[in-house]
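Participant: here is a sequence together with a model predicted from it:
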Amino acid sequence: MIIVLKPNTPSDQIDHIVARIHELGLRTDVSRGVKRTIIGVIGEEDVLRNAPLRAIPGVEEVVPILKPFKLASREFQAEDSVFDLGCGVTVGGGALAMIAGPCAIEGEEILLEIATSVKAAGANILRGGAYKPRTSPYSFQGLGEDGLKILRNVGDHLHMPVVTEVMDPRQVDLIDRYTDIFQIGARNMQNFNLLSEVGQTKRPVLLKRGMSAGVTDLLMSAEYILAGGNKRVILCERGIRSFDNSTRNLLDLAIVPNVKGLSHLPIIVDPSHATGRPDLIPAMSLAAVAAGADGVHIEVHSCPEKAMSDGPQALLPHQYRELMQQIRELAGLFHKTIPAARGVAP
Ligand code: PEP
Ligand code: MN
């Protein structure tokens with residue numbers, strides 16, 4: 001529900017309206033404009049339907065949000081969300097998040113080598129998994145907290161914000177101590193306890209689309225995080241299951257403009273997990289930017305044949321550098337910018 005207040009409603013009256021809504025057991029999100037104030041009201045459907053909101057003095061109009069996702073919807077917020085991710089990096093509103101790094105953190109030296117190369121190429125966020133969701137329990141599961149320490153050190157050293165996956169609500173506090181951005185992986189997109197838990201934190205969340213999730217499912221998962229009070233959700237298309245096994249997954253690029261119509265949240269594209277093929281990643285990265293994506297997430301490794309996870313899909317540093325050159329040119333055509341992560345390696 002969106003409540004539009006009468007023009008120039010005084011601030012004590014706005015406070016009164018908000019207090020009344022809270023008394024009804026509903027939650028509010030107030031956006032005070034120069035002339036008009038708009039209040040988003042969230043709560044149980046039945047309570048909302050029956051609440052006499054229009055009767056409160058100062059209320060001009062009560063507009064229902066028809067979509068099942070509310071806080072994530074364009075109706076709730078017309079303008080694109082823009083988030084500050086740290087180190088001078090923003091995403092949304094024309095700024096592209098270029099996330100790059102290895103699938104898994106394998107050691108400090110190798111991460112520093114990869115991170116230095118991707119940063120020099122123009123990446124502005126460093127990725128690396130310390131807790132890996134592997135299909136087999138016998139595969140490398142990640143370095144855990146030791147990996148988080150390495151990621152933090154390398155990120156600090158290069159002045160790059162870092163993103164790493166959280167797989168379990170019990171890991172949130174620990175990972176919160178090391179990361180700048182939480183990643184929720186495809187396999188956990190509907191782990192609602194985990195979504196609620198990161199919704200209680202102040203960190204941006206990179207929410208990957210589940211491999212068989214529809215656009216509404218993705219936005220409902222974002223809603224869980226937003227409903228907890230955390231507004232900084234970045235969506236990520238990473239491919240969905242299909243019958244064609246010539247690529248790892250099927251990259252659904254149409255979801256980018258589709259989401260843009262439905263939601264104000266930024267959406268980025270991960271062609272690495274979507275295609276699983278380094279030969280397809282450059283074309284799909286460029287297509288993602290052309291489709292209006294707010295960033296691209298790419299796995300890079302300096303020696304893919306020795307990588308402990310997802311080696312076959314990793315780009316080599318020089319391939320990433322060449323691709324970034326092309327992305328920069330294309331981004332310019334679309335009036336997009338790639339903010340530089342502040343600072344240089346000493
Ligand atoms: C990853 O980013 O390394 C990863 C496991 O991604 P996804 O959850 O999209 O499979
Ligand atoms: Mn991976």
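Facilitator: Okay, I see it. Ligands and ions are numbered 1, 2, ... in the order given.
Participant: skip the chain neighbours and tell me the closest residue to the residue of the stretch 1-150 of the chain found nearest ligand 1.
Facilitator: Nearest residue of the stretch 1-150 of the chain to ligand 1, counting by CB to the nearest ligand atom: Cys103, 4.7 Å away. For the C-beta atoms, the positions are set from N, CA and C on the backbone; glycine is no exception. The shortest distance from Cys103 to any residue that is not its chain neighbour, by CB to CB, 6 or more residues apart in numbering, is 3.7 Å, and that residue is Asp310.
Participant: and that neighbour, how close does it get to ligand 1?
Facilitator: From Asp310 across to ligand 1, the span is 6 Å (CB to the nearest ligand atom, to the nearest Å).
Participant: quick one: pLDDT of that residue?
Facilitator: Among the per-residue scores, Asp310 shows a pLDDT of 96.
Participant: so it touches Arg277, yeah?
Facilitator: No - checked against CB atoms under 8 Å, the pair Asp310 and Arg277 is beyond contact range at 11.6 Å.
Participant: which residues touch the residue of the stretch 1-150 of the chain closest to ligand 1?
Facilitator: Residues in contact with Cys103, defined by CB atoms under 8 Å, 6 or more residues apart in numbering, are Gly128, Gly129, Lys132, Glu299, His301, Ala307, Met308, Ser309, Asp310, Gly311, Ala314.
Participant: and the pLDDT at it?
Facilitator: Looking at Cys103, the pLDDT reads 98.
Participant: do me a favour and get the end-to-end distance for stretch 129-141?
Facilitator: Stretch 129-141 stretches 9 Å from its first residue to its last (CA to CA, to the nearest Å).
Participant: ok, back up a step: now the contacts of Cys103 in TSV, with distance to Ser242?
Facilitator: Listed next are the contacts of Cys103 as TSV, based on distance: CB to CB, whole Å:
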residue	distance to Ser242
Gly128	28
Gly129	25
Lys132	24
Glu299	21
His301	26
Ala307	25
Met308	27
Ser309	23
Asp310	19
Gly311	23
Ala314	22
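Participant: just give me the closest of those residues to ligand 2.
Facilitator: Distances from the contacts of Cys103 to ligand 2 were compared by CB to the ion; the smallest belongs to Asp310, at 3.7 Å.
Participant: now do stretch 194-204: distance to the chain's middle.
Facilitator: Distance of stretch 194-204 from the chain centroid (CA atoms, centre = their mean, to the nearest Å) equals 12 Å.
Participant: buried ones in that stretch, by neighbour count?
Facilitator: Along stretch 194-204, the positions that meet the burial threshold by neighbour count (16 or more other CB atoms under 10 Å) are Leu194, Leu195, Glu197, Val198, Gly199, Thr201, Arg203, Pro204.
Participant: count the residues that sit near Ala97.
Facilitator: Ala97 is surrounded by 29 other residues when neighbours are defined as other CB atoms under 10 Å.
Participant: distance check, it against Gly276.
Facilitator: 22 Å (CB to CB, to the nearest Å).
Participant: find the closest residue to ligand 2 in the stretch 101-250 of the chain.
Facilitator: Closest to ligand 2 within the stretch 101-250 of the chain is Cys103: 3.3 Å, counting by CB to the ion.
Participant: and the gap between that residue and Gln313?
Facilitator: Between Cys103 and Gln313 the distance is 8 Å, computed by CB to CB.
Participant: cool, Arg203 as well?
Facilitator: Distance from Arg203 to Gln313, by CB to CB: 27 Å.
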